[in-house]
Structures are given as structure tokens and as C-alpha cells.
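Asks: Quick one, what's the 3D model for this:
(2 chains)
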Amino acid sequence: GAVVSQHPSWVICKSGTSVKIECRSLDFQATTMFWYRQFPKQSLMLMATSNEGSKATYEQGVEKDKFLINHASLTLSTLTVTSAHPEDSSFYICSARNFWDRRGNEKLFFGSGTQLSVL
Amino acid sequence: GENVEQHPSTLSVQEGDSAVIKCTYSDSASNYFPWYKQELGKRPQLIIDIRSNVGEKKDQRIAVTLNKTAKHFSLHITETQPEDSAVYFCAASRTGNQFYFGTGTSLTVIP
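Replies: Numbering: from 1, shown residues only, chains lettered A, B, ... in the order given. The predicted model follows:
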């Protein structure tokens, strides 16, 4: 399958600081990447859809000024949690859509996730 | 938008028995239905998927069935092993759109 790399895998930061998380598609180009937040024992909550070369589309209730998304190339999307607070502590995970065959069928592959802890 | 419901939320089976997880979806335009396995602290891994032009797909001990009329699809795991213990998510999507996930099923295989 396609490989999606996500860094860092975990980060601890002080309240008020910003944290950047990178998501890379290693062996395919991804015009669209998705960012999710996952709480323990819960499902994946879509935060935003990241589109290469254009603004991200945020889900209702997600603050776009707090969760900055940049998708500057076909293989890299970044999520920056600005002025992080303890309530932002969570498991953040990205995914990328890969067109699997010539018929346009697609599959979704996930990064390894980032555990953010804000003190 | 699409709404995906998944049942049960937890499932315990004896090693060697079968496990079945069911999902329903609401958007008849959805045409792609993947299943993911997520171990604690790890990424969801695609284990099997099915497209709307197929009714059933099998890969060794794992199979997925799709009933488009009833808008439901199921994951079947036979001869379960302890390493099958994980959280399983179903999803529904239509080409070019976002993926909608079920709420997950925590499967425990008891040795």
C-alpha cells in the first residue's frame, strides 16, 4: 500500500506555544489530505480537508485560526496548533487519498499519528 | 451528508470463533466501503475494502459483504486469533469526497 509519514509521533509542549505536525505522502502525490483528531476509545473526528494549492476546508466547530493547515506541495501538508492549551491535548492523525488505478478508484491511507500533550 | 453507524461497539469472542461487525450508511451515492484495523496508539490500517459494483470480497480469514439495497455492509473475521484484537472502523465514501467513519468496534479475542 501507499506510505504516509507523519512527524513528530509525540510532542509535549507548554501552554501558549505552537506545534507543527507534518504529513507526507512518500510514494504518491496527494492532492487531498485529511486531518483528524481522535480521543481515547473514540472514532476519528474529521477536522479539515487539506487541498494542495488552496485553502483548507474546515469542519463545523473547528477554529481555522487555531488549527492552521498548509498544503504547499503534492506530498506535504502541515497542521500547526497555535497557542496550544491543555484542552488541545489529543491524538492527531492525517490521511492521504491515493488514486489506486486508472479508473480513478481511490484508497485512503493514514499517517502514524501525533500524540500532543500540552502542559 | 453521509451518516455511518457501526455495531456493536464492543465484541468479545473466543479464539477460533467468528466475529461479525456491521455498518449501515445513508447516502445511496456512496460507492466505496473500506475497513480499518487500529491497534492502541497506532495508525488505522486498511485491511479490506469493497466497491459498490461487488457484493462480497474475501481475503484469507477476512471477508466483507455489501447490500446496496439495504445500505449495509459487514466485516467477517473467521478463526479469530488474539492478534485480531483491536478497534475496527468501517467507512463510506464516494469518489472525490471525504470518508465518513463509523464509531468503531473494540474486538477482544479471548485465548
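
Asks: secondary structure class for the closest residue to chain A within chain B?
Replies: Closest to chain A within chain B is B:Arg43: 4.3 Å, counting by CB to the nearest CB. Glycine gets a C-beta too; all of them are placed from N, C-alpha and C. Classification of B:Arg43 using DSSP: H, G, I helix; E, B strand; the rest coil returns coil.

Asks: low-scoring stretches of chain A, by residue?
Replies: Confidence mapping of chain A against pLDDT under 70 gives the ranges A:1, A:102-104.

Asks: The residue of it found nearest chain B and B:Gly41, how far apart?
Replies: When distances are taken as CB to the nearest CB, chain A reaches nearest to chain B at A:Phe110, 4.3 Å away. Counting by CB to CB, to the nearest Å, the gap from A:Phe110 to B:Gly41 is 13 Å.

Asks: Between the two, point out the one with more neighbours.
Replies: A direct count of neighbours by other CB atoms under 10 Å in any protein chain shown for A:Phe110 and B:Gly41 places A:Phe110 higher, at 22 against 12.

Asks: Not counting the strand or helix carrying B:Ile21 itself, show me its contacts.
Replies: Taking DSSP states H and E as the definition, one finds B:Ile21 inside strand B:19-25. For strand B:19-25, the external contacting residues (CB atoms under 8 Å, 6 or more residues apart in numbering or on different chains) are B:2-8, B:11, B:13, B:33, B:70-77, B:80, B:84, B:88, B:90, B:92, B:100, B:102, B:105, B:107, B:109.

Asks: filter those residues to the buried ones?
Replies: Neighbour counting by 16 or more other CB atoms under 10 Å in any protein chain shown classes B:2, B:4, B:6, B:11, B:13, B:33, B:71-77, B:80, B:84, B:88, B:90, B:92, B:100, B:102, B:105, B:107, B:109 among those as buried.

Asks: residue boundaries of the strands in chain B?
Replies: Taking DSSP state E as the criterion, chain B carries its strands at B:4-7, B:10-14, B:19-25, B:32-38, B:45-51, B:56-59, B:62-67, B:72-77, B:86-92, B:100-101, B:105-110.

Asks: For those strands, give me a markdown table that also has mean pLDDT.
Replies: What follows is the strands of chain B, written out as a markdown table (pLDDT from 0 to 100):
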| stretch | mean pLDDT |
| --- | --- |
| strand B:4-7 | 97 |
| strand B:10-14 | 98 |
| strand B:19-25 | 98 |
| strand B:32-38 | 96 |
| strand B:45-51 | 95 |
| strand B:56-59 | 95 |
| strand B:62-67 | 97 |
| strand B:72-77 | 98 |
| strand B:86-92 | 97 |
| strand B:100-101 | 94 |
| strand B:105-110 | 97 |
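
Asks: how about these in JSON lines, adding distance to A:Ser89?
Replies: Converted to JSON lines, the strands of chain B look like this (distance: least, CB to CB, whole Å):
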{"stretch": "strand B:4-7", "distance to A:Ser89": "26"}
{"stretch": "strand B:10-14", "distance to A:Ser89": "25"}
{"stretch": "strand B:19-25", "distance to A:Ser89": "30"}
{"stretch": "strand B:32-38", "distance to A:Ser89": "19"}
{"stretch": "strand B:45-51", "distance to A:Ser89": "25"}
{"stretch": "strand B:56-59", "distance to A:Ser89": "37"}
{"stretch": "strand B:62-67", "distance to A:Ser89": "34"}
{"stretch": "strand B:72-77", "distance to A:Ser89": "31"}
{"stretch": "strand B:86-92", "distance to A:Ser89": "20"}
{"stretch": "strand B:100-101", "distance to A:Ser89": "21"}
{"stretch": "strand B:105-110", "distance to A:Ser89": "22"}
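
Asks: Alright, I will stop here.
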